[in-house]
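Colleague: Just the structure for this:
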Amino acid sequence: MQKIMTRSGYIAYKTTAEEVKKLGSICVCDECGRKAASGYLVPVLNHWMCESCFDEWQRDARYYPADVPIQNRRAAYYESVIPCTAFAV
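Modeller: Take a look at the predicted model:
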């Protein structure tokens, strides 16, 4: 799992399907419902998305400071379950 920063300033994780299975996921995109071998885990939404849906979400996402505590709590949990590499550039 690789930690990244979205265009809007939220944390996201690039993951494989095998990694998110550790969180109980069945590796189906929460947006379009398709299975994917890899995708993005977005703590602020508590969603796992395929690359296409993630790209679409990033285009429209807006940053709200009030969401940060929720994002950080979920991110800490995700990182406690799945090993994480540092921020990607």
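Colleague: wait, what's in contact with Phe83?
Modeller: Let me fix one detail, which is that residue 83 is Pro and not Phe. Counting by Cβ atoms under 8 Å, 6 or more residues apart in numbering, Pro83 touches Met1. Bear in mind the C-beta positions are built from the backbone N, C-alpha and C, glycine included.
Colleague: Now stretch 79-89: buried residues?
Modeller: Judged by neighbour count using 16 or more other Cβ atoms under 10 Å, the buried positions of stretch 79-89 are 82, 84.
Colleague: so for it, what's the average pLDDT?
Modeller: Stretch 79-89 shows a mean pLDDT of 81 in the predicted model.
Colleague: With stretch 37-56 instead?
Modeller: Stretch 37-56 comes out at a mean pLDDT of 97.
Colleague: Could you export it as PDB, CA atoms only?
Modeller: Coordinates of the C-alpha atoms in stretch 37-56 are reproduced here as PDB (Å, rounded to 0.1, in the frame of the first residue of the first chain):
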ATOM      1  CA  ALA A  37      -7.000  -6.000  -9.300                       C
ATOM      2  CA  SER A  38      -5.800  -2.700  -7.900                       C
ATOM      3  CA  GLY A  39      -7.300   0.600  -6.800                       C
ATOM      4  CA  TYR A  40      -7.300   3.400  -4.300                       C
ATOM      5  CA  LEU A  41      -8.400   3.400  -0.700                       C
ATOM      6  CA  VAL A  42      -9.800   6.900   0.200                       C
ATOM      7  CA  PRO A  43     -10.000   7.300   4.000                       C
ATOM      8  CA  VAL A  44     -12.100  10.500   3.900                       C
ATOM      9  CA  LEU A  45     -14.800   8.500   2.000                       C
ATOM     10  CA  ASN A  46     -14.100   5.100   3.500                       C
ATOM     11  CA  HIS A  47     -14.200   3.800  -0.100                       C
ATOM     12  CA  TRP A  48     -12.100   1.600  -2.300                       C
ATOM     13  CA  MET A  49     -12.200   2.700  -6.000                       C
ATOM     14  CA  CYS A  50     -10.900   1.400  -9.300                       C
ATOM     15  CA  GLU A  51      -8.500   3.700 -11.000                       C
ATOM     16  CA  SER A  52     -11.100   5.100 -13.400                       C
ATOM     17  CA  CYS A  53     -13.500   6.100 -10.600                       C
ATOM     18  CA  PHE A  54     -10.700   7.500  -8.500                       C
ATOM     19  CA  ASP A  55      -9.500   9.700 -11.300                       C
ATOM     20  CA  GLU A  56     -13.100  11.000 -11.800                       C
END
